[in-house]
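Q: one predicted model, sequence on top.
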Amino acid sequence: MPELSYTASELMCINAARLLRDGDVVFVGVGLPNLACNLARRTHAPNLQLIYEAGVIGARPARLPLSIGDPTLVSGAVSVCGMFDIFSQYLQRGNIDVGFLGGAQIDRFGNINATVIGDYQKPKVRLPGSGGSQEIAGWANRCYIMTPHQKRRFPEKVDFATSAGFLGGRAQREATGARGGGPVLVVTNLGTLEPDESGELILTALHPGCTVEQVQENTGWAIRTAPVIRATEPPLESELKLLREELDPGGIYLKGS
Amino acid sequence: MPAGKSTMSKVCTLTEAIAEHVHDGDLVFCAGFTHLIPFAAGHEIIRQGKRDLTLARATPDLIYDQMVAAGCAKKLIFSYIGNPGVGSLRIVREELEAGRLEWEEYSHFGMISRLQAGAAGLPFMPMNQTAATDLEHSNPNIRRVKDPYSGHDVITVPALNPDVGIIHVQRADKNGNAQVWGILGEQKEAAFASRKVIITAEEIVDEEIIRSDPNRTLIPGLIVSAVCHVPHCAHPSYTQGYYDRDNVFYLNWDKISEDRASVKAWLDEWVFGVKDAEEYWQKLGVETHARLAVKPRFAAPVNYGDY
């Protein structure tokens, strides 16, 4: 069988989709998380419940949503509610299994920066800010992070912790009483990182053709590796076909490298 | 007597409503989470040259990028400053980075909790801890109190009570009873939190239409000061069932906002160069109208019973 070619975005998206369990209630963002969730729903997890932060429950988008509040999310959904309800009755109350997060920086303990590079009052780069991510990271049962693997994106410590991973270690997060379990896994274009018992992210799997050296070169701290590093299953032709032909036919989110 | 208590028709033009109810220095909340953003009202505020406004919205979106570019704002209260689905909100970002615009920042839940407290007449709203504390340490308005029952800390944000809330809706009657469907965002909380409410509506309908489906009324006329008939008010955002989001414009704004000369040219042509929302919509042209048209998809009727 000839080897399939795929982009980094397709690779991350497919690996993220495989993390979802049938029946999961997922808090979905636009872009790659949306594609990953809809891919999972069309493959192994037909009973996935998609909840969008704009206040849409049980969405079945008929076209690719281009914003977090795309009208296609509403038509045919199970329910629509206001923003206060979605954040209080769904997230804060503990009704969300899975949240997806991304950001400009992810550090050694899975803390995420989406606010500023540099000083908060006099930022070098002003980023969009939390949006819903502070609450998703705090209160979803499990959080997955999707991001390209680059050194500037993986500093040892974030400039600003917009959303909590394990702070300085699992015990610190637990002491705050935040209900969610924190980050469970980071999917990059090189492999996957998972927190160890202390909450530190370590390399646990590599994608086909990727190496430990590549991961180290692109990580801002001396990253440790699991005793056994798994190899992820290569993307299937059927997964790529669904993504390219049905979920993002224009390649709006999947073209990336 | 507050304007909202009058039994007379509150219908007026958007030009009149902005002139009467929005004043320099006001705290203004143009509501709508991606959906129903009242762009036409923002443009009218720009045309009337309002100054020193504090602009509050969870997602400032293009409407506040344009108002900041036009010099209307002295301060921004927000929780996410991106161009939704596109990238950076360039004008706002530049002004913040340059220190020319004051700001106050929350998470989405912090922002909406401020409105919820304001809408409920409460002094503040408690929220559970999220474990992330950097924003709390950066914004003195985010504080903690001890839950008197468990003894654990909860995070608090103060009530937000805008001087004026501007809410776009699908339909309203002449008294301001307003019905909304699709994404509800913070429309209701913004309306109840605000001291004055301006409703812009795609359609002004008979009171009987509103009364045929009371569960769909999100905002009652009793808190509304002015009702304006403004079809297509939300463009380039959208109105569920009426027209689609103009994603092409959201992408174009990313280029327009790359330099101030092209922003000024855009404002001159599309805001100062038109009289009102109707002229703006006609200027967009039939091809854009056709591109944004949506096919109908009706809900099943419900039976309220004839008692």
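A: Okay, I see it. Numbers count the residues shown, from 1 in each chain, chains lettered A, B, ... in the order given.

Q: quick check: the gap between residue B:40 and residue B:13.
A: From residue B:40 across to residue B:13, the span is 11 Å (CB to CB, to the nearest Å). Backbone N, C-alpha and C define where each C-beta goes, glycine included.

Q: kindly report the residues of the stretch 151-257 of chain A close to chain B.
A: A:160-164, A:167, A:173, A:176-179, A:182 (CB under 8 Å from any CB of the partner chain).

Q: try 10 Å this time
A: Contact residues, the stretch 151-257 of chain A versus chain B (CB under 10 Å from any CB of the partner chain): A:158-167, A:172-180, A:182, A:252-253.

Q: could you pick out the buried ones from those?
A: A:158-167, A:173, A:176, A:178-180, A:182, A:253 (16 or more other CB atoms under 10 Å in any protein chain shown).

Q: what touches both of residue B:40 and residue B:13?
A: In terms of CB atoms under 10 Å, 6 or more residues apart in numbering or on different chains, residue B:40 and residue B:13 are both contacted by the residues B:228, B:230, B:276-277.

Q: out of those, which end up buried?
A: Neighbour-count burial (16+ other CB under 10 Å) applied to the shared contacts of residue B:40 and residue B:13 gives B:228, B:230, B:277.

Q: and the first one, what does it touch?
A: To tie it back to what came earlier, the one meant is residue B:228. Here residue B:228 is in contact with B:10-18, B:38, B:40-41, B:44, B:166, B:168, B:172, B:198-201, B:204, B:277 (CB under 10 Å, 6+ apart).

Q: any quick PyMOL command for the buried ones out of those residues?
A: Only the buried entries of the contacts of residue B:228 go into this PyMOL selection, using 16+ other CB under 10 Å:
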select buried, chain B and resi 10+11+12+14+17+18+38+40+41+44+166+168+172+198+199+200+201+204+277
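
Q: so what are the domain limits for chain A?
A: The domain map for chain A lists A:1-96+A:236-248, A:97-232, with the assignment taken from automatic domain parsing.

Q: meant to ask about chain B
A: If you go by automatic domain parsing, chain B breaks into B:15-122+B:160-292, B:124-158.

Q: does chain A sit close to the last one?
A: Yes: with CB under 10 Å from any CB as the measure, domain B:124-158 is seen reaching chain A through B:125, B:127-139, B:150, B:152-154.

Q: residues near the closest residue to residue B:65 other than its chain neighbours, how many?
A: Distances taken as CB to CB, 6 or more residues apart in numbering or on different chains place residue B:91 nearest to residue B:65, at 4.6 Å, with adjacent residues excluded. A count of nearby residues for residue B:91, using other CB atoms under 10 Å in any protein chain shown, gives 23.

Q: past the helix or strand encompassing residue B:91, which element shows up next along the chain?
A: Applying DSSP states H and E as the criterion places residue B:91 in helix B:90-97. Once the chain leaves helix B:90-97, the next helix or strand it forms, by DSSP H and E, is strand B:102-105.

Q: hmm, back to that, I'd like the domains of chain B as TSV, with distance to residue A:227 and mean pLDDT appended.
A: Putting those into TSV (distance: least, CB to CB, whole Å; pLDDT from 0 to 100) gives the following:
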stretch	distance to residue A:227	mean pLDDT
domain B:15-122+B:160-292	38	97
domain B:124-158	29	97
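
Q: tell me the most buried of the ones you listed?
A: For the domains of chain B, the largest average neighbour count (mean count of other CB atoms under 10 Å in any protein chain shown) is found in domain B:15-122+B:160-292, namely a mean of 21.

Q: pretty sure residue A:54 sits against residue B:183.
A: Yes: in this structure, residue A:54 is within contact of residue B:183 by CB atoms under 10 Å, at 4.8 Å.

Q: who's in contact with residue A:211?
A: So residue A:211 contacts A:190-191, A:217, A:229 (CB under 10 Å, 6+ apart).

Q: what are the bridge partners for residue 105, then?
A: All of this is about chain A. residue A:113 (DSSP bridges).

Q: ah, no, chain B please
A: Beta-bridge partners, per DSSP bridges, of residue B:105: residue B:78.

Q: is it correct that it is in contact with residue B:80?
A: Yes: with contacts counted by CB under 10 Å, residue B:105 reaches residue B:80, the gap being 9.4 Å.

Q: which of the helices or strands spans whatever residue of the stretch 51-200 of chain B ends up closest to chain A?
A: Proximity of the stretch 51-200 of chain B to chain A (CB to the nearest CB) peaks at residue B:130, 2.8 Å away. Secondary structure assignment for residue B:130, by DSSP H and E: no helix or strand.

Q: nearest residue to it in space, please, no chain neighbours.
A: Nearest to residue B:130 is residue A:138, by CB to CB, 6+ apart, at 2.8 Å.

Q: how about the helices in the chain?
A: Went with chain A since none was named. For chain A, helices defined by DSSP state H occupy the ranges A:8-17, A:32-42, A:83-85, A:133-139, A:170-176, A:212-217, A:237-241.

Q: meant chain B actually
A: B:14-21, B:39-47, B:61-69, B:90-97, B:108-120, B:134-138, B:187-193, B:207-211, B:247-256, B:260-267, B:277-284, B:286-292.

Q: hey, where'd the strands end up in the stretch 151-257 of chain A?
A: A:183-187, A:191-195, A:201-206, A:225-231 (DSSP state E, counting those that start in this stretch).

Q: which ones are touching the closest residue to residue A:74 other than its chain neighbours?
A: Of all residues not flanking residue A:74 in the chain, residue B:182 sits nearest, at 5.0 Å (CB to CB, 6+ apart). Contacts here follow CB under 10 Å, 6+ apart; on that basis residue B:182 touches A:54-56, A:69, A:71, A:73-75, A:77, A:80, B:34-36, B:170, B:238-242.

Q: recalculate using a threshold of 6 Å.
A: A:74, B:35, B:240 (CB atoms under 6 Å, 6 or more residues apart in numbering or on different chains).

Q: and for residue B:173?
A: Contacts of residue B:173 by CB under 6 Å, 6+ apart are B:205, B:207, B:210.

Q: rerun at 7 Å
A: B:204-207, B:210 (CB atoms under 7 Å, 6 or more residues apart in numbering or on different chains).

Q: with residue B:235 instead?
A: With CB under 7 Å, 6+ apart, residue B:235 has these contacts: B:39, B:246, B:281.

Q: OK, contacts around residue 19?
A: Because you didn't say which chain, this covers chain A. Contacts of residue A:19 by CB under 7 Å, 6+ apart are A:144, A:185.

Q: to clarify, I was referring to chain B.
A: Contacts of residue B:19 (CB under 7 Å, 6+ apart): residue B:48.

Q: do you know how far it is from chain A?
A: Relative to chain A, residue B:19 is positioned 30 Å away (CB to the nearest CB, to the nearest Å).

Q: strands of the stretch 101-250 of chain B, start to end?
A: Under DSSP E, counting those that start in this stretch, the stretch 101-250 of chain B gives strands at B:102-105, B:124-127, B:143-146, B:153-158, B:164-172, B:178-179, B:196-204, B:217-219, B:226-229.

Q: how about the ones you listed in a markdown table, adding distance to residue A:35?
A: Listed next are those as a markdown table, based on distance: least, CB to CB, whole Å:
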| stretch | distance to residue A:35 |
| --- | --- |
| strand B:102-105 | 29 |
| strand B:124-127 | 31 |
| strand B:143-146 | 39 |
| strand B:153-158 | 33 |
| strand B:164-172 | 30 |
| strand B:178-179 | 34 |
| strand B:196-204 | 32 |
| strand B:217-219 | 32 |
| strand B:226-229 | 40 |
